[in-house]
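> sequence and predicted structure, then a few things I'm wondering about:
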Amino acid sequence: MEFLETSTENCPVQRTLELVGEKWTLLVVRDAANGVRRFDDFRRHIGLSEAVLSDRLRKLTAAGILRAVPYQEPGSRTRNEYRMTRKGWDLWPVLVALKQWGDTHAPDPEGPVLDVHHAECGAPVRVVVECSAEHEALDPTQVIARPGPGARRRATPARESR
């Protein structure tokens with residue numbers, strides 16, 4: 001079966017984008033990964049409406065990407081902070097890859113907005129694709145993608161009558 005013969009119904013990229021593919025959602029995940037925890041801080045930093053932020057936080061919590069942790073300021077009602085879960089942290093390489101691409105192909109003229117460095121040695125962090133046998137970083141010409149065991153044959157569209 002060739003790639004064009006496969007259905008996209010169960011594509012993992014499509015399923016992932018259904019969860020986090022909207023701009024505001026990824027920006028909430030970005031901020032959570034960088035230590036933003038509270039509703040008002042997300043709203044001020046990202047600049048989105050309360051309704052949109054509430055919706056995104058609810059969806060991210062329901063998906064298990066963030067978890068709500070109650071807190072209470074003295075004299076105030078209980079509210080939630082939002083923390084990354086392990087599932088959420090698994091999106092971190094995606095965020096770094098998007099930053100890396102943006103710094104290369106849509107750079108700010110004054111330089112990177114955020115420097116991400118290895119805490120131990122100080123070297124810049126980058127995302128690479130490698131094989132599980134730990135060979136050097138791979139480029140797309142060194143990789144073969146084939147339909148896997150979960151691939152389904154695409155339904156042939158009905159012919160249009162004239």
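Perfect, I can see it now. Everything numeric in this text was worked out from a predicted model, so none of it was measured. Numbers count the residues shown, from 1 in each chain.

> what about the chain, any weak spots by pLDDT?
157-162 (pLDDT under 70).

> got the contact list for the residue nearest to the spatial centre of the chain?
Note on the chain: the residue nearest the mean C-alpha position is Leu91, at 4.7 Å, using C-alpha atoms, centre = their mean. Neighbouring residues of Leu91 by C-beta atoms under 8 Å, 6 or more residues apart in numbering: 20, 29, 33, 65. In short, each C-beta sits where N, CA and C put it, glycine included.

> tell me the two of those residues that are most distant?
The two members of the contacts of Leu91 with the most space between them (C-beta to C-beta) are Val20 and Ala33, at 12.1 Å.

> neighbour count winner among these two?
Neighbours around Val20 and Ala33, counted as other C-beta atoms under 10 Å, are more numerous at Val20. The numbers are 18 against 15.

> what separation is there between the residue nearest to the more buried one when sequence neighbours are not counted and Ala97?
Excluding its sequence neighbours, the residue lying closest to Val20 (C-beta to C-beta, 6 or more residues apart in numbering) is Leu26, at 5.8 Å. Computed with C-beta to C-beta, to the nearest Å, the distance linking Leu26 and Ala97 is 12 Å.

> again, but for Asp55
26 Å.

> can you give me the strands for the chain?
With DSSP state E as the criterion, the chain has strands at 66-72, 78-84.

> what's the burial count for Thr25?
Going by other C-beta under 10 Å, the residues that sit close to Thr25 add up to 20.

> how near is the nearest residue to Val125 once chain neighbours are set aside to Leu53?
What sits nearest to Val125 in space, not counting adjacent residues and going by C-beta to C-beta, 6+ apart, is Val116, at 4.5 Å. Distance of Val116 to Leu53, given as C-beta to C-beta: 25 Å.

> now Arg146
41 Å.

> ok, the two, which is more surrounded?
Leu53 (19 against 9).

> who's in contact with the more buried one?
Counted by C-beta under 8 Å, 6+ apart, Leu53 has contacts 24, 28, 39, 42-43, 46.

> could you rerun that using 6 Å?
By C-beta atoms under 6 Å, 6 or more residues apart in numbering, Leu53 lies in contact with 42-43.

> can you tell me how far it sits from Val36?
Using C-beta to C-beta, one gets 11 Å for the distance from Leu53 to Val36.

> show me whatever sits in contact with both of the two.
Counting by C-beta under 6 Å, 6+ apart, the contacts common to Leu53 and Val36 are Phe42.

> dump the strands of the chain to JSON lines, plus mean neighbour count.
As requested, the strands of the chain are exported to JSON lines (neighbours: other C-beta atoms under 10 Å):
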{"stretch": "strand 66-72", "mean neighbour count": "13"}
{"stretch": "strand 78-84", "mean neighbour count": "16"}
